[in-house]
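In: make a model of this:
(chains A and B)
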Amino acid sequence: MNPILDIQHVTHSFGQHTALQDISFSVKQGEVVGLIGRSGAGKSTLLRCLCALERPQQGHILLDGVDLTTQPERQLVRIRRRIGLVFQHFNLLTSRTVAGNIALPLQIAGCPRREQAGRIAELLELVGLKGFEKKYPSQLSGGQKQRVGIARALAANPTLLLCDEATSALDPESTNSILNLLADINRKLGLTIVLITHEMEVVRRFAQRILVLDHGRLVEDGTLLDFLRDGQNNRTLQTLLADIRPSLPAFLGETLVSTPPQGHHRAIIRIVLSGNGASEPLFSALYEKFGVQTALLQGGVTTISERLSGDMILSFEGDRTEQALDHLKTAAQNMEILGYVPSHP
Amino acid sequence: MSPLILKLILHSAWQTLEMVVASTALSVILGLPLALFMIATGPQGLYRLPFAARLMGMVVDAVRAVPFIILLVLLIPVTRFIAGTSLGTEAAIVPLSIAGIPYFARIAEMALREVDSGLVDAVRAMGGTRMTIIRSVLIAEALPGLVTGVTVTLITMVGASAMAGVIGAGGLGDLAIRYGYQRFNTTVMFGVVVVLIIMVSLMQVIGNSLARWLKH
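Out: A predicted model of the protein is given here:
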């Protein structure tokens, strides 16, 4: 199947500053892709190129087979109608009601007035704001405004939904509900979604694929699980991942030594589990087989791309710790011995 | 106060209103497109013609630099050409409007500049044409500010119309000068001042509440 979005060698610069350098990737129909990078990584420029607001100096952007970079401005105006955009600061017109805001893309697309009301009611129901038609944006909370923003982005039946830091201006609770809504929309409508963000937390839960931008380059393309497994040598990725990974508490870190000390001690390990490994009674098995006692120090099991995944720091104590670790290596996606601490008798 | 004086004041008040409303209307009708032109051709605008923007800005500033009393005299030939005469209430509308157009244009420009550029981007990304952006974003979002601008222009025109007495325009200002000042008629003077205060206050109150209502 042809990709819905195909980016080929896109390069764009502003004067001396190269914002994007040889970016290539493609997005399949119905896929949810997270585009992550720190500020200044080129996210905004790439977004502006993707929604046809900016024409990249080199390379091609194909949306559903149509090359945006070669279309004349008149055609681009039409193409933009097929891309839904959700903004960090909502960008709702304060002069219009909720219904008026959602109606705008319909009016632009030339949708007959009598069909608009029905479509608006349908969209408001989808985003969970039934009966909010006559309210003004100033009467809504941040989360509600973003729901209107999403309804507006969906109004003209876009082929692609771009979310630009859509949850960055929201409190954690609203962030959660907006992310759930987007996941829901992806499931219900099969809509392709590109999430642009600087927070790993945003893409953690339902982005099927993550692209990492750094200094205008695409440095990683994979799933979060791939990154947790073997992305440890990439500095950018590490700092981005640090937000969602458990870290060893400082007081434990201070007593950590790299070789097993004499006498009673515990091994401190970091382990990444996914799929079955995350839900199996792994630790009781370790106790039964090797007599090793396991304690969870940090982390736990979370959902990554709608699969259970464990990312945790554990301590192992017992005479046959080494064998237990060897056994674990076969079950875990990634295991790292952080060090040893003396244990209190 | 004799009925005659009252009639005189009311008649002049009507003339003032006529000049003020007509010239403000013309200032808005012609000043708003001017403001849109300056915004649209400006550095972040939809059409980006920096030279045109700068030229228009200079013309606007040049007209605004001339004191109204001088503009009034300077424009006599223009007034005669447009109105057929350079005397009277209707004729005064010409110089008042010519002073009012750049005045309102600058105020409207400020109000339009206040509109969040993110909204323009949003509608552009939606595939809105430039006309849609001007109508649905720039004008619609700046409307409360534009209404405040109309109020300010109305009140400025009340002040300016007083000077139009120089070209025989009549109105309250003219009445106050001729009867109140030159003939020492204190009653007329006070009457005019009271009517002016009421007129300006009403304009301000109506303008404010309209702007507030539009602000949502």
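In: surely residue A:316 is within a strand?
Out: Yes: secondary structure assignment places residue A:316 in a strand (DSSP: H, G, I helix; E, B strand; the rest coil).
In: now the residue in the stretch 151-300 of chain A that chain B sits nearest to: closest residue in space that isn't a chain neighbour?
Out: Going by C-beta to the nearest C-beta, chain B is nearest to residue A:156 of the stretch 151-300 of chain A, at 7.6 Å. All C-beta atoms are positioned from the backbone trio N, CA, C, and that covers glycine. Among residues not flanking residue A:156 along the chain, residue A:105 sits closest, at 4.3 Å (C-beta to C-beta, 6 or more residues apart in numbering or on different chains).
In: got the contact list for the one you found?
Out: Neighbour list for residue A:105: A:81, A:152-153, A:155-156, B:126-127 [criterion: C-beta atoms under 8 Å, 6 or more residues apart in numbering or on different chains].
In: out of the residues you listed, flag the one nearest to residue B:164.
Out: Residue B:164 lies nearest to residue B:126 out of the contacts of residue A:105, by C-beta to C-beta, at 47.5 Å.
In: from residue A:109, how far out is the closest one?
Out: 9 Å (C-beta to C-beta, to the nearest Å).
In: before we move on, the earlier item: the residue of the stretch 151-300 of chain A closest to chain B: how many residues sit nearby?
Out: 21 (other C-beta atoms under 10 Å in any protein chain shown).
In: which residues does it contact?
Out: Residue A:156 sits in contact with A:81-82, A:84, A:105-106, A:108-109, A:111, B:126-127, where contact means C-beta under 8 Å, 6+ apart.
In: about what we covered before: can I get the contacts of residue A:105 in JSON lines with secondary structure, pLDDT and distance to residue A:270?
Out: JSON lines is the format used below for the contacts of residue A:105 (DSSP: H, G, I helix; E, B strand; the rest coil; pLDDT from 0 to 100; distance: C-beta to C-beta, whole Å):
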{"residue": "A:81", "secondary structure": "coil", "pLDDT": "91", "distance to residue A:270": "48"}
{"residue": "A:152", "secondary structure": "helix", "pLDDT": "96", "distance to residue A:270": "43"}
{"residue": "A:153", "secondary structure": "helix", "pLDDT": "95", "distance to residue A:270": "39"}
{"residue": "A:155", "secondary structure": "helix", "pLDDT": "94", "distance to residue A:270": "46"}
{"residue": "A:156", "secondary structure": "coil", "pLDDT": "91", "distance to residue A:270": "47"}
{"residue": "B:126", "secondary structure": "coil", "pLDDT": "92", "distance to residue A:270": "46"}
{"residue": "B:127", "secondary structure": "coil", "pLDDT": "91", "distance to residue A:270": "48"}
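In: nearest to residue B:171, of those residues?
Out: Taking the contacts of residue A:105 together and measuring to residue B:171 by C-beta to C-beta, the closest member is residue B:126, at 49.0 Å.
In: check contacts around that closest one.
Out: Counted by C-beta under 8 Å, 6+ apart, residue B:126 has contacts A:80-81, A:85, A:104-105, A:108, A:156.
In: recalculate using a threshold of 6 Å.
Out: If you count contacts by C-beta atoms under 6 Å, 6 or more residues apart in numbering or on different chains, residue B:126 has them with A:105, A:108.
In: now do residue A:8
Out: By C-beta under 6 Å, 6+ apart, the neighbours of residue A:8 are A:24, A:59-60.
In: quick check, residue B:82 in contact with residue B:95.
Out: No: using C-beta atoms under 6 Å, residue B:82 makes no contact with residue B:95, being 9.8 Å away.
In: looking at the two, which is more packed in?
Out: Of the pair residue B:82 and residue B:95, residue B:95 is the one with more neighbours under other C-beta under 10 Å, namely 29 against 16.
In: the more buried one - that's part of a helix, no?
Out: Yes: the assignment for residue B:95 is a helix, going by three-state DSSP.
In: near chain B, which residues of the stretch 101-250 of chain A? Just list them.
Out: Neighbours of chain B within the stretch 101-250 of chain A, by C-beta under 6 Å from any C-beta of the partner chain: A:105, A:108, A:136, A:138.
In: can you put those in CSV and add secondary structure?
Out: As requested, these are exported to CSV (three-state DSSP):
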residue, secondary structure
A:105, helix
A:108, helix
A:136, coil
A:138, helix
